[in-house]
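Chemist: Return a 3D structure for these sequence lines:
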Amino acid sequence: MALAKVLGAKSRRDGYMEGNGWLVSWCIGHLVELAPADAYDPRYSKWTYADLPILPDPWQFRVLPDTKKQFSILDALMKDERVDSLVCATDAGREGELIFRLTYNLCGCRKPVKRLWISSMEEAAIRKGFDHLLDSQNYDNLYQAALCRAKADWLIGINGTRLFTCLYKGKTLNIGRVQTPTLALLAEREAAIANFKKEKFYTVELDLQGFHAASERFSSKTDAEKLRLGCLGKTAAVQSITRKEKTERPPKLYDLTTLQREANRLFDFTAQQVLDCLQALYEKRLATYPRTDSRYLTTDMEEGLPALCATVAPTLPFVKGLALPVNSAQVVDNSKVSDHHAVIPTAEIAAADLSALPTGERNILYLIAARLLCAVGEPHIYEETAVTLDCGGTSFTTKGRTEISAGWKAIERAFLPF
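Modeler: Numbering: from 1, shown residues only. Below you'll find the predicted structure:
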């Protein structure tokens, strides 16, 4: 366990580690959950329309049956006379806060709590986090937000599922706060695809020396054929040529959602597969915290970015020989970082045997590493040329581009065929 190793708690006990004045234990995911409906009244064990809605007041909680042993261990540790305060070191996010608080509250503990808030499991990040512990009260609103979400899930899931199942008197119809509107969006999109009607169109294309130019679209094949015949053997006259230099700025770093989309496009991974791979990389200290909605880093990370990029680059065979400038400022913005910064690789990548990683994890690690180098790279600059020609009294257009500076695109191109 990374935290125990850094703190010097090396002696293994039943359900915790001990040493150097520290007792380090864990929650194994959720230990405590909102109690089921029949915990409030035995009659709720049967689903009837007359009992709806079920509105708990006050709310009750229970220990999950599969984790009772670990809960008892934590309960005993919190009440241990040697313990005068606690450090909450669950995942630095809404769900991690909820897991700790529900366990802490159900144990009836009132000892002071500090919060460890880190996005990386590197030893340096852990030590820095313990050097800057914050008062747990700073995260009270985060806990309340997580608890509100859990209660909303319960109210909608329990009442909605029972309501529709009773109304339609069939098999269980599951209703969920997120599940149901998401399913509605998918159903609407599927219906739109099924009802889509293709419409034929026709264009006339001029085969010129070194390039092609196309006419506007015609709904009638007869009209398109008429233009084609009218242009046969005719000379196309250039009406205008415009050239414009354009700049394509480097892409932003990944948050979880954009990473899932990109991995689906490139590797056909599902969202869950991406999250599982990223979580595994996080636990192996090769990537930062996965569940983030930010695509930027914080200002305190800016100074270390050149060193991180210099560490990451040699581990990526596809960037060998490429220029790798590091413009740190363009990926740093405190105002756009909420609970966690963007997903990036850690310096631990240099010491890891990447060939030993499962293929999925290695692909995701390469993807976030390549994106880091792209994001701090130079702009991609090109010249776009638009030509308008006249033939047979009709305008034909074509566009082309000439690269001036590859910039960050050089890294992207090297990665994509890899």
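Chemist: hey, let's count contacts and neighbours off CA atoms from now on
Modeler: Noted.
Chemist: Could you tell me whether residue 84 really is in a helix?
Modeler: No: with DSSP: H, G, I helix; E, B strand; the rest coil as the criterion, residue 84 is coil rather than part of a helix.
Chemist: residues contacting residue 286?
Modeler: Going by Cα atoms under 8 Å, 6 or more residues apart in numbering, residue 286 touches 345, 346, 347, 348, 349, 365.
Chemist: Quick check: the nearest residue to the fifth one once chain neighbours are set aside vs residue 4, distance?
Modeler: Okay, so that is residue 349. Nearest non-adjacent residue to residue 349, counting by Cα to Cα, 6 or more residues apart in numbering: residue 286, 5.5 Å away. Distance of residue 286 to residue 4, given as Cα to Cα, to the nearest Å: 18 Å.
Chemist: Check residue 110 too.
Modeler: From residue 110 across to residue 4, the span is 24 Å (Cα to Cα).
Chemist: Comparing those two, which residue is more hemmed in?
Modeler: More crowded of residue 110 and residue 4, by other Cα atoms under 10 Å: residue 4, with 20 against 13.
Chemist: my hunch is that residue 17 is in a helix, does that hold up?
Modeler: No: read with three-state DSSP, residue 17 is strand and lies in no helix.
Chemist: Take the contacts of residue 286 and write them to TSV, including pLDDT and distance to residue 94.
Modeler: TSV is the format used below for the contacts of residue 286 (pLDDT from 0 to 100; distance: Cα to Cα, whole Å):
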residue	pLDDT	distance to residue 94
345	97	23
346	95	23
347	94	26
348	94	26
349	95	28
365	97	25
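Chemist: Among the residues you listed, pick out the one closest to residue 166, please.
Modeler: In terms of Cα to Cα, no member of the contacts of residue 286 lies closer to residue 166 than residue 365, at 47.7 Å.
Chemist: so that closest one touches residue 287, yeah?
Modeler: Yes: the pair residue 365 / residue 287 is scored as a contact, 7.5 Å apart, by Cα atoms under 8 Å.
Chemist: Of the two, which one has the most company?
Modeler: Legend: neighbour count by other Cα under 10 Å for residue 365 and residue 287, higher for residue 287 (27 against 24).
Chemist: Next up, the contacts around that one.
Modeler: By Cα under 8 Å, 6+ apart, the contact list for residue 287 reads 120, 278, 281, 343, 344, 345, 346, 365.
Chemist: Can you classify the residue of the chain positioned farthest from its centre by secondary structure?
Modeler: Most distant residue from the mean C-alpha position of the chain: residue 233, 56.8 Å away (Cα atoms, centre = their mean). Here residue 233 is coil, with the state taken from three-state DSSP.
Chemist: Tabulate the contacts of residue 287 (JSON lines), appending distance to residue 255 and secondary structure.
Modeler: JSON lines is the format used below for these (distance: Cα to Cα, whole Å; DSSP: H, G, I helix; E, B strand; the rest coil):
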{"residue": "120", "distance to residue 255": "15", "secondary structure": "coil"}
{"residue": "278", "distance to residue 255": "11", "secondary structure": "helix"}
{"residue": "281", "distance to residue 255": "15", "secondary structure": "helix"}
{"residue": "343", "distance to residue 255": "6", "secondary structure": "strand"}
{"residue": "344", "distance to residue 255": "9", "secondary structure": "coil"}
{"residue": "345", "distance to residue 255": "13", "secondary structure": "strand"}
{"residue": "346", "distance to residue 255": "15", "secondary structure": "coil"}
{"residue": "365", "distance to residue 255": "14", "secondary structure": "helix"}
